[in-house]
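A.B. asks: Below are the sequence and a predicted model; questions follow.
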Amino acid sequence: MANLNLPQSITIGRLLDALSLQALGDTLVAQSISMLSIQTIHFTGINTFSLPFVGETITLDTTENRTVALSVEVYNEKYSLLFAQRSAASWPEVCENGINWLERELGKILMTSEHYSQMIADHLTNGNGFSFLASLRDFFGCDIFLTNKQLEVLSWAGGKTLPLAPISFKAPEMSRSSSAQAKLPAALSIGQWTDKAYHNVPLTWCFLSGPKGVLGYLGLVKKIKDIGSIEQFFLHRMATLILLELVKTQSIQDTERQHHRDFLFDLLYNNFDSLEVIISRGKLWGWNFSKPHFVVVGEIAGYDPDSSDRKRFEELVTEMTSLLHRLQPKTICLERNGQVVLLFPLESMLPQSEWHSQALKYLDPILKMLKSLPGKQPFQYGLGNLYNSARYLHRSFQEARTALELGKLFDNADRLISFHGLGIMRLLHRLDRQELEDFRLEVLGPLLKFDKESNLDLEKTLLAYFSCNTDLNAAGDKLYLHPNTLRYRLKKASEILDRDLSSLENQVNLFLALKIGCLKNLWPD
């Protein structure tokens, strides 16, 4: 693309020079407003001239001694100044000269804008995609990059302040001021880099919005206050062209994502005939299923996919996906019925003792990101067993879902529950519910009946006692009971059940019945 220079902004200072006006009295105020861009000019008694740029509204008027009065309001503070004419002219002549100058300057800007828009259109029509960003970098005088709405970098033109390769950034947030401009195709908002080494490097987001909301973002390495009226005008004009290409790109990506989803659903529900088919199909998307993968399933407790929280959930999933892809490009992310499914590739098999800690390392960036967001986002995760063949990924997926579901029963602050750590609960979960309930009533029936008629809560007491390996002090601390009170309750339970609590066989049967009681909390009524 040919190089074009960014036209000068139409400012108060340039207008005054064009009209050969010289400030009278204190010139400091005149200098302070000289760089302000103009949007509307009222030539008192003659005409009003409006420009398609952001800027200030000014009023020009004449006085009895042919001086020119200028008034402008900036941040609710009104300024009024007087100017002398270097070359005497009547008021109508001053206004005509001003309007002629404004029309010429506006013509230059619109012509340059039209040329640049046509160049971009031709570039896109020729199938060159978003590579024109390198020309935009030179045009705006700063590094610039483009992402889609999933925050995947589509084009990166660094080299001035930023590296030539993309670096990570925090997800853009629309401020109140930019939110108010949301209907515009290119609202602006302040951004920030993730890497501390770049925290002092400015970043301004330009939201590329269409009828269906934000479709992408332009990132400019420039302070928002330094993006002048002409630059904003050009951004708005170019945003429409970029949006059309984004719509096309988004359509292609949506089709690819649907193929991804279809493949992953077949993988997770064991619809492939052989490992060879899985590996060859995976290679089409750049995934290596000859290596083992962790399978993690996450969800927000109490989240309803049909609720008004759906949009926020989708935004969180997008941010999680973008973060993981920047740090671990081969991670597979899938949203499914209000849950997030993550597949983390490993170089080789790991011993079981390392599964939980290693999976947490992969999840750590997400946990930190969610912790930094306003409001609580209590994601809980389940981890399936690790297998050395992709033929068993469907099994690991079901195990991760089971761990996530049963994890609700544990009084555990850990955000990741491992299937292999569920113990006896994973076996009970698979048995017939009626048989489990029959066994529970056979073992605990008299005690459950007693609990309904008293406030001793002996079922909870026994569960805490056995969970603490029959340690009276630990169980007492857990229940906030004095050891003597706990001894009394245990004795009472033993009498009601007519069972010796020190017998190992009785302990096993009682513990299983108590665990079934916990499991019942997950059963539908």
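C.D. replies: Good, I have the coordinates.
A.B. asks: can you give me the strands in the stretch 51-200 of the chain?
C.D. replies: Taking DSSP state E, counting those that start in this stretch, the strands of the stretch 51-200 of the chain run over residues 56-62, 68-74, 77-85, 144-148, 153-157, 186-190.
A.B. asks: Now the spatially most central residue of the chain: which helix or strand?
C.D. replies: Most central in the chain under Cα atoms, centre = their mean is residue 319, positioned 3.1 Å from the mean C-alpha point. Assigned by DSSP states H and E, residue 319 belongs to helix 310-327.
A.B. asks: What lies in contact with that helix?
C.D. replies: 149-152, 168, 171, 300, 303, 305, 331, 333, 335, 338, 340, 342, 365-366, 369-370, 373, 377 (Cβ atoms under 8 Å, 6 or more residues apart in numbering). For every residue, glycine as well, the C-beta is placed using N, CA and C.
A.B. asks: cutoff 7 Å now
C.D. replies: With Cβ atoms under 7 Å, 6 or more residues apart in numbering as the test, helix 310-327 has contacts from 150-152, 168, 171, 300, 303, 331, 333, 335, 340, 365-366, 369, 377.
A.B. asks: Any of those residues buried? List them.
C.D. replies: The neighbour count (16 or more other Cβ atoms under 10 Å) marks 151-152, 171, 300, 303, 331, 333, 335, 340, 365-366, 369 as buried among the contacts of helix 310-327.
A.B. asks: any low-confidence regions in the chain?
C.D. replies: Along the chain, segments meeting pLDDT under 70 span 1-4, 174-186, 372-377, 410-413, 522-525.
A.B. asks: How is it divided into domains?
C.D. replies: For the chain, the structural domains run 12-123, 133-251, 269-417, 433-520, going by automatic domain parsing.
A.B. asks: Dump the ones you listed into TSV; add distance to residue 262 as well.
C.D. replies: TSV is the format used below for the domains of the chain (distance: least, Cβ to Cβ, whole Å):
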stretch	distance to residue 262
domain 12-123	34
domain 133-251	17
domain 269-417	10
domain 433-520	34
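A.B. asks: So which of these is nearest residue 260?
C.D. replies: Closest to residue 260 of these is domain 269-417 (Cβ to Cβ; 6.1 Å).
A.B. asks: Just the terminal-to-terminal distance for that closest one.
C.D. replies: The first residue of domain 269-417 is 22 Å away from its last residue (Cα to Cα, to the nearest Å).
A.B. asks: just stretch 125-140 next, same as before
C.D. replies: Start-to-end span of stretch 125-140 (Cα to Cα) is 23 Å.
A.B. asks: Show me the contact partners of stretch 142-157.
C.D. replies: By Cβ under 7 Å, 6+ apart, the surrounding residues in contact with stretch 142-157 are 130-131, 133-134, 136-137, 158-162, 166, 171, 214-222, 246, 249-250, 318, 321-322, 325.
A.B. asks: ok, and which of the strands of the stretch 51-200 of the chain has the densest surroundings?
C.D. replies: strand 144-148 (a mean of 23; mean count of other Cβ atoms under 10 Å).
A.B. asks: Which one of the contacts of helix 310-327 is nearest to residue 467?
C.D. replies: residue 300 (27.1 Å).
A.B. asks: State the phi and psi torsions of that closest one.
C.D. replies: Dihedral pair for residue 300: phi -100, psi 130, per degrees, to the nearest 10.
A.B. asks: again with residue 205
C.D. replies: Dihedral pair for residue 205: phi -90, psi 140, per degrees, to the nearest 10.
A.B. asks: Is it in contact with residue 173, as I believe?
C.D. replies: No. Residue 205 lies out of contact with residue 173 (Cβ atoms under 7 Å); the separation is 8.5 Å.
A.B. asks: Which one's more surrounded, the two?
C.D. replies: residue 205 (25 against 13; other Cβ atoms under 10 Å).
A.B. asks: which secondary structure elements does the helix or strand following the helix holding residue 319 contact?
C.D. replies: Downstream of helix 310-327, the next assigned helix or strand under DSSP H and E is strand 332-336. Applying 3 or more Cβ pairs under 7 Å, 6 or more residues apart in numbering; DSSP states H and E, we find strand 332-336 packed against helix 229-268, helix 310-327, strand 339-345.
A.B. asks: winner for burial among these?
C.D. replies: Taking mean count of other Cβ under 10 Å, strand 339-345 is the most buried of the helices and strands packed on strand 332-336, at a mean of 21.
A.B. asks: Let me know the angle separating it from strand 332-336.
C.D. replies: Angle, strand 339-345 to strand 332-336, by axes from the mean of the first three to the mean of the last three Cα atoms, to 10 degrees: 160 degrees.
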